[in-house]
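In: give me the fold of what follows.
(2 chains)
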Protein chains: 2
Amino acid sequence: VALTSWVEGADGSGFPAEHLPYGVVSGGDAGGPLRPAVRIGDRALDLARLVADDVAGLAALGEGLLDGPGLGPFLAAGPQRWRAVRERLTELVCDPARRAAAAPALAPLADLRVHLPVAVADYVDFYSSIEHATNLGRLFRPDAEPLLPNWRHLPVAYHGRAGTVVVSGTPVPRPAGQRLVDGAVAFGPSLRLDIELEVGFVVGAPSAPGRPVPVAEAPDHVFGLALVNDWSARDIQAWEYQPLGPFLGKSFATTLAGWITPLDAVAGCRVPGPAQDPPPLPYLAPAGDWGLALDLEVALAPAGGTGEEVISRTSFAGVYWQMPQQVAHMTVNGAHLRTGDLFASGTVSGATPGSQGSLIELTRNGAEPLAVAGTERRFLEDGDEVVLRGTAHPAAGVTLTLAEARGRVVPGAG
Amino acid sequence: VALTSWVEGADGSGFPAEHLPYGVVSGGDAGGPLRPAVRIGDRALDLARLVADDVAGLAALGEGLLDGPGLGPFLAAGPQRWRAVRERLTELVCDPARRAAAAPALAPLADLRVHLPVAVADYVDFYSSIEHATNLGRLFRPDAEPLLPNWRHLPVAYHGRAGTVVVSGTPVPRPAGQRLVDGAVAFGPSLRLDIELEVGFVVGAPSAPGRPVPVAEAPDHVFGLALVNDWSARDIQAWEYQPLGPFLGKSFATTLAGWITPLDAVAGCRVPGPAQDPPPLPYLAPAGDWGLALDLEVALAPAGGTGEEVISRTSFAGVYWQMPQQVAHMTVNGAHLRTGDLFASGTVSGATPGSQGSLIELTRNGAEPLAVAGTERRFLEDGDEVVLRGTAHPAAGVTLTLAEARGRVVPGAG
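Out: Model prediction:
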């Protein structure tokens, strides 16, 4: 049975009492400084204010935990604190007797600015959808086995640029760079600007240097998840990436949703992961079901078009390499996790047309333009706006909306 | 003519008044907290203490600039402040009349702990030595052109893990991971642990998002340089790196020297860079001479050996892609620089035997073991200690020692 909240409009929205994702806001009646908040309905509950007013018993959970400006201390505090805070906040927003006490901390999102929810420490981007890796293999190596030999043995990944992770809504200037045109090196704004639909996981509790985190312990370190658009300049990437991997083709911008959904809020979405063949090495052996049944979609509002249209619908449930395996792999060499580490799934694609998470797949590398909102697209044009959306159904009658990852392409300075 | 300092042992050491590299220390008579310092001779000058005692006019240069705990505010302040502080400190350590006033801020390094000199924001590793790239190409693709087609057109690079950059002296646990053995996937401690001799540049003044930094302006953003050992597990790297580049083969540890040498201290080492053929695209066209004549060496003290022996001697002067070109390239897509960004040169190798900056080159991928200190090595064994050293001669009669990057391999937890 779904919870009932006294917060107007929360019940039946994608942000009911069962969700309570975390973010960082500023502005509103309370003035300028950044402060941690949770979203409920179309409002933000100012956690620093709740602590100051001693409303929900949050202050007793630890000094400095939620005073802001960022979520760092709370994220670092680990799963017991995460659960204690979540429990108290759920009680608060569901108990009508506490409405008056909490009201001063509640402000409409329309009056607030939403900031990057976490100071990103290291950003790792995986490549964990077998459909995506297969699609790209077929496009680029049509006569060979689409998956490279290592793909089924380890979750392939690389480090991205943490400094250019931006919050949803931030414009994305078109990157300039080198590319190969008819075999000659050219320079200019990217002509093959693409998106990548991904789910990002945010590390809360750090791990110790030199100590790998086992699969079974990974969820104790990961606080939550948020949609990620890993914008990609395919022409820049294609020319630069041998032999050290993507660099400028990715590092200009990565959009992160403004609100982090706690793993606990989507616990009811856990499903068995896909069969893995060959069975992974012992350090990657699954512990529990960590497929996550999240419905994902990509919407595109093309410049000069009639509006927004959904160009891809897919599910996160079947992604081959799962979050705990990614954590175990990332730390098996002794590298530790830090609070604020962000690791993304890699592009989430299905096997059927219209279920791929990038334009390079949807348009077969530009060969088959996509009809969208009264116009067509091979890759992104200036003025195009992309919105990644997700929904979760963790219990009967409960639908959560993952906070969107939105960005509009604008001309670059180059 | 060399400067004369009243600090005992400074003149004629590698850390005379002309050097004054920056670091972060704790301990000593002043107690526990971290504080910024400059090194002179075998002593550290506590900058927070100088500010508190108002000794060198540093307080007037800006509130919070040098109070610590870190160097961040000072690095962010930009070249005018860097020069003003350097000028005042040089006067201070050269004016015998100010000895008594400064003495309380001066402590022997032996009494202090030296910390990571900078909170690393993003870590980028280039691949800028043509000799190194050629050596590796010949080893791995003996029948093909050793340089890949993009190499002479752009400074190839990738993002590394900022969270595992450690200060000189930190032990390096041997990483475990997957590798291919006779065509089969195996797991265990790396059997081909290697070093990479590199020069790292530390960003001070940030740049604006979306605005590429031109070659000519790059030196206004880069505060200084320090030796870097980019430890590499060749067997892990070889199996994992297709198609997204190095990940676990590098991310377990990167050693950074404890003291950052200001670019201004080595201005006298600037020499013309090597001829670049083809000429780089306009955004990479050199502005001024940014070859840096630094003499570098790798010393190895093998476990069970008779001591330490130098196994490689080389020069940084001829490295193909130079620091300002690296900055211009890294930002040409609109990615901005943040204070604490660290970008390393990539392995510095010469063309002659004994001048290569990695064991994989020195031993021809393990085929020709190296005789060292009474024993032999193909790759590193547990207990081996590696020390990277460098010297600069910025003026007649002046020799600066770059702070060493030292690390001992210890068994991993895996």
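In: could you pull out the helices in the stretch 151-300 of chain A for me?
Out: A:234-240 (DSSP state H, counting those that start in this stretch).
In: for chain B, give me its nearest residue in it.
Out: Closest approach between the stretch 151-300 of chain A and chain B, counting by C-beta to the nearest C-beta: residue A:245, at 2.2 Å. Where C-beta positions appear, they are placed from N, C-alpha and C, glycine not excepted.
In: what sits against that residue?
Out: A:158, B:158, B:241, B:243, B:244, B:245, B:246 (C-beta atoms under 8 Å, 6 or more residues apart in numbering or on different chains).
In: for residue A:333, same thing?
Out: A:212, B:175, B:176, B:177, B:233, B:236, B:248, B:249, B:251, B:252, B:414 are the contacts of residue A:333 under C-beta under 8 Å, 6+ apart.
In: what strand or helix carries it?
Out: In this structure, residue A:333 is located outside every helix and strand according to DSSP states H and E.
In: for the closest residue to it other than its chain neighbours, the count of nearby residues, please.
Out: Of all residues not flanking residue A:333 in the chain, residue B:175 sits nearest, at 3.6 Å (C-beta to C-beta, 6 or more residues apart in numbering or on different chains). By the criterion of other C-beta atoms under 10 Å in any protein chain shown, residue B:175 has 27 neighbours.
In: state the pLDDT value of residue B:175.
Out: Here, the pLDDT recorded for residue B:175 equals 98.
In: circling back to that earlier point, farthest-apart pair in the contacts of residue A:333, please.
Out: Greatest spacing in the contacts of residue A:333, by C-beta to C-beta: A:212 and B:249 (15.4 Å).
In: can you list the low-confidence ranges for chain A?
Out: Applying pLDDT under 70 to chain A flags residues A:28-31, A:414.
In: kindly recompute the last result at 80.
Out: Low-confidence segments of chain A, defined by pLDDT under 80: A:1, A:28-32, A:414.
In: show me what secondary structure element comes after the lengthiest helix in chain A.
Out: The longest helix of chain A (DSSP state H) is helix A:79-94. Under the assignment DSSP H and E, the closest C-terminal helix or strand after helix A:79-94 is helix A:99-102.
In: quick one: distance of that following helix to the chain centre.
Out: Distance, stretch centre to chain centre, for helix A:99-102: 32 Å (C-alpha atoms, centre = their mean, to the nearest Å).
In: so after it, what's the next helix or strand?
Out: strand A:106-108.
In: how about the CA coordinates for the longest strand along chain A, as PDB?
Out: Using DSSP state E, we find that the single longest strand of chain A is strand A:398-410. Written as PDB, here are the backbone C-alpha positions of strand A:398-410 (Å, rounded to 0.1, in the frame of the first residue of the first chain):
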ATOM      1  CA  VAL A 398       4.100   3.000  -6.400                       C
ATOM      2  CA  THR A 399       5.700   4.800  -9.300                       C
ATOM      3  CA  LEU A 400       8.900   6.800  -8.900                       C
ATOM      4  CA  THR A 401      10.200   9.200 -11.500                       C
ATOM      5  CA  LEU A 402      14.000   9.300 -11.700                       C
ATOM      6  CA  ALA A 403      15.000  13.000 -11.900                       C
ATOM      7  CA  GLU A 404      15.600  13.900 -15.500                       C
ATOM      8  CA  ALA A 405      18.900  14.600 -17.100                       C
ATOM      9  CA  ARG A 406      18.300  17.500 -19.500                       C
ATOM     10  CA  GLY A 407      20.600  19.500 -21.700                       C
ATOM     11  CA  ARG A 408      20.400  21.800 -24.700                       C
ATOM     12  CA  VAL A 409      23.100  22.000 -27.300                       C
ATOM     13  CA  VAL A 410      24.400  25.500 -27.900                       C
END
